[in-house]
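Chemist: after the sequence you'll find the predicted model.
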Amino acid sequence: MDLEARAHSEHPEALRLWLRLLTCTQLIEKQVRNELRSQFATTLPRFDLMSQLERSPDGLKMNELSRRMMVTGGNVTGITDQLVAEGLVERINVEGDRRAWRVRLTARGRKLFNEMAQQHEDWIVDAFAGLSAKEIAQLHKLLGKVKQHSHSQMAEAE
């Protein structure tokens with residue numbers, strides 16, 4: 001049973017829409033996880049970590065990686081250790097701080113990430129293949145309004 005199946009016709013339409021969004025997100029994420037595993041023998045957290053490093057060619061400190069990925073330092077350390085052992089990322093000393101280091105993609109890691117990112121893009125485009133270009137643009141616009149409204153509510157609450 002997916003999240004959407006929990007909603008009943010007497011529930012507000014907004015709640016049913018929310019559950020449909022969550023269900024779609026879970027289904028697409030599951031497909032991406034399966035494809036990463038079958039095509040690249042990797043996981044979504046490893047892909048996410050490499051994605052963060054791809055955006056920062058000079059590398060990131062471990063605490064920066066943790067913050068950006070919204071996971072604990074222990075999780076980042078475990079994933080980083082695996083990727084270092086595979087030669088996909090490297091640790092670099094931080095000048096002036098003997099206890100810290102930065103992590104960055106190696107040339108091999110960058111090449112592999114670029115291959116995975118292209119496939120990832122194709123999988124996401126395929127996930128929306130049931131919609132026309134006009135429907136995709138309309139959905140994007142409507143969700144943008146929801147996002148803007150949520151940001152406004154959060155700003156008022158602060």
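Modeler: Alright, I've got the coordinates.
Chemist: biggest helix in the protein, by residue count?
Modeler: helix 13-40 (DSSP state H).
Chemist: tell me the buried residues in that helix?
Modeler: 18, 19, 23, 32, 35, 36, 40 (16 or more other Cβ atoms under 10 Å). (Each C-beta comes from the backbone N, C-alpha and C, glycine too.)
Chemist: which stretches of the chain form helices?
Modeler: Counting by DSSP H, the helices of the chain are 13-40, 44-54, 62-69, 73-85, 107-127, 133-157.
Chemist: pLDDT on the last one, on average?
Modeler: Looking at helix 133-157 alone, the average pLDDT works out to 95.
Chemist: what comes into contact with that helix?
Modeler: Helix 133-157 has contacts (Cβ atoms under 8 Å, 6 or more residues apart in numbering) with 128, 131.
Chemist: ditto for stretch 52-66
Modeler: 49, 68-69, 72-73, 75-77, 80, 89, 92, 94, 100-105, 109-110, 113-114, 117.
Chemist: give me that answer again for 10 Å
Modeler: Identification of contacts with stretch 52-66 by Cβ atoms under 10 Å, 6 or more residues apart in numbering yields 48-49, 67-69, 71-77, 79-80, 83, 88-92, 94, 97, 100-106, 109-110, 113-114, 116-117.
Chemist: can you give me the end-to-end distance of it?
Modeler: 10 Å (Cα to Cα, to the nearest Å).
Chemist: nothing else from me, thank you.
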